[in-house]
Structure formats: C-alpha cells, structure tokens
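Peer 1: Here's my sequence, what's the structure:
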Amino acid sequence: MLKKTVLTFAFLSILTTFYGFNAQTGTPVTDPSPVLEPAPKSIGTNALAKERLCVISPFDNLMRDISEKEGNDWRLMAAIAYHESRFTPDITSSRGACGLMQIMPSVAEQFDVPESLIADPATNVWLANKLLSKIGESLRFPAGTSDEDRMSIILACYNGGIGHVNDARRLARVHGEDPNSWEVVARYLTLKSEPEYYENEVVKCGRFTGSRQTLAYVKDVIGRYDKYCRIAVR
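Peer 2: The predicted structure is shown next:
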C-alpha cells in the first residue's frame, strides 16, 4: 500500500512539473492584425500591463518612445505606417522604399544612416520622424496656421514631394490665395498637371500628375489618425 502511494505521488509530481514548465515556456499565439478597440478599463489598474498593451499595432511602444522624443504624435506616425506598409517591417516597394514607414535610401542618406539599417523598425520610424520634422520646419508656417492645414500639407510633402507642394503654394501666392490652406494647396496641386500652371515661372519642379494619389493619401491618413486618437492616448 505504501509503495503504491509513493508511486502515485511521484507520477503526479512529474505530471505537474511537465505541465507547469510548458505553461511558462510555450510560444504565445499572436495576431499580427492591429487591435482597433479601446483597452478594457480593468487593465488600467496594472501599470505593467498598461505599458505593454498595444491597441493599434505591435509597434505602439516603439512608435510612442521615438515619436514623442521627436515632438510628433505617435498616433499620426502609426496612421502613416498603416497606409505605407500595413505595419509590415520587411517589405520594399518597386521604387526602393523600405520598411514600416516606406523610407527611401535618399532619406537615410540625408540623416547619415547606412542603407543597410533602413529596414530596422526603430531606425525606420526614427527616420520618418526626422523627415516629418524637417519638412515642417522648412515650410515655415505662420503662427495662425491651423493644425489640420499644417498636418495635411506636411503629409502631402511626405507623399508627393516637398518640391511639388512648394510649387502649389507659390502658385497660390501668385493668384492671391492662402498658401497655408490645405484646401487651396490641394487645388493647385491638381492644377499643376495643366500647362497654364506648371509652365508658370514660379514653378520649379514642373508638371505634377500624382495629385489624385496625394490627396487620397492625406485624406486617408488624417481619417485614420482621428480614429487612432479615439482609441489610444498620447
């Protein structure tokens, strides 16, 4: 009887150890798609869980840490990343744009980053932040410019090129309109496909045929940014 009891206890000990070990070391199942729902309120009581929680993409914390240091809203960067790559860090476009934010090698060169490092998510997000900040500074918006106009024009530069956007702003000035209004700039970007406008002496970058794509890009990113602002805190 004693022998049987000892054997039973040994078996249960081995079984418990086996399942306990696997419970701690098993590979978690992850869903690569973004979770677009607010975090449950109960999670907010656990600081560690809150810090690790990702409500937009698996790159929330990375984008928050880098973007906020650069003075940009990480939720805007997440909206750009969604449009550019659907949060896929290892893709390269036919034009050579790479990573989460689809960074071109020429951008990496501007900031003295080796091309071999562009695909690294942290480097990629850092470069996108640097580029956005540089664009914003170069556009020299006056103090009264609305946040939406500022953001829209910067995004248009990110997508269509700052040269074409500056051409549209110069055309707006020539025609007595506000070069800091996205509605006005968008209209002149579209008109830059017509000789009457792209042959104007103030135009430096010639004809622009990508206005439909750029305008759709700005609308999509702004709309997604608004959505992300509702589900994630800054």
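Peer 1: going forward, measure contacts between C-alpha atoms and count neighbours the same way
Peer 2: OK.
Peer 1: in the helix or strand containing residue 221, what counts as buried?
Peer 2: For residue 221, the host element (DSSP states H and E) is helix 211-231. Using 16 or more other C-alpha atoms under 10 Å as the test for burial, helix 211-231 gives 211, 214-215, 217-218, 221-222, 224-225, 228.
Peer 1: Mind putting those into a markdown table with distance to residue 88 and pLDDT?
Peer 2: What follows is these, written out as a markdown table (distance: C-alpha to C-alpha, whole Å; pLDDT from 0 to 100):
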| residue | distance to residue 88 | pLDDT |
| --- | --- | --- |
| 211 | 26 | 97 |
| 214 | 21 | 98 |
| 215 | 23 | 98 |
| 217 | 18 | 98 |
| 218 | 20 | 98 |
| 221 | 17 | 98 |
| 222 | 20 | 98 |
| 224 | 17 | 98 |
| 225 | 18 | 98 |
| 228 | 18 | 97 |
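Peer 1: and these as TSV, adding distance to residue 119?
Peer 2: Converted to TSV, the buried residues of helix 211-231 look like this (distance: C-alpha to C-alpha, whole Å):
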residue	distance to residue 119
211	28
214	24
215	27
217	22
218	24
221	22
222	25
224	24
225	23
228	24
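Peer 1: from these, which is closest to residue 200?
Peer 2: Closest approach between the buried residues of helix 211-231 and residue 200, by C-alpha to C-alpha: residue 211, at 17.7 Å.
Peer 1: from what I can see the closest one touches residue 185, true?
Peer 2: No: in this structure, residue 211 is not within contact of residue 185 by C-alpha atoms under 8 Å, at 10.6 Å.
Peer 1: where's residue 234 relative to residue 77, distance?
Peer 2: Residue 234 sits 12 Å away from residue 77, going by C-alpha to C-alpha, to the nearest Å.
Peer 1: So which of those two has more stuff around it?
Peer 2: More neighbours surround residue 77 than the other of residue 234 and residue 77, with 23 against 9 (other C-alpha atoms under 10 Å).
Peer 1: wait, that one sits on residue 67?
Peer 2: Yes: counting by C-alpha under 8 Å, residue 67 is a contact partner of residue 77 at 7.4 Å.
Peer 1: what sits in contact with each of those two?
Peer 2: Common contacts of residue 77 and residue 67 (C-alpha atoms under 8 Å, 6 or more residues apart in numbering): 125, 129.
Peer 1: Good, we can wrap up now.
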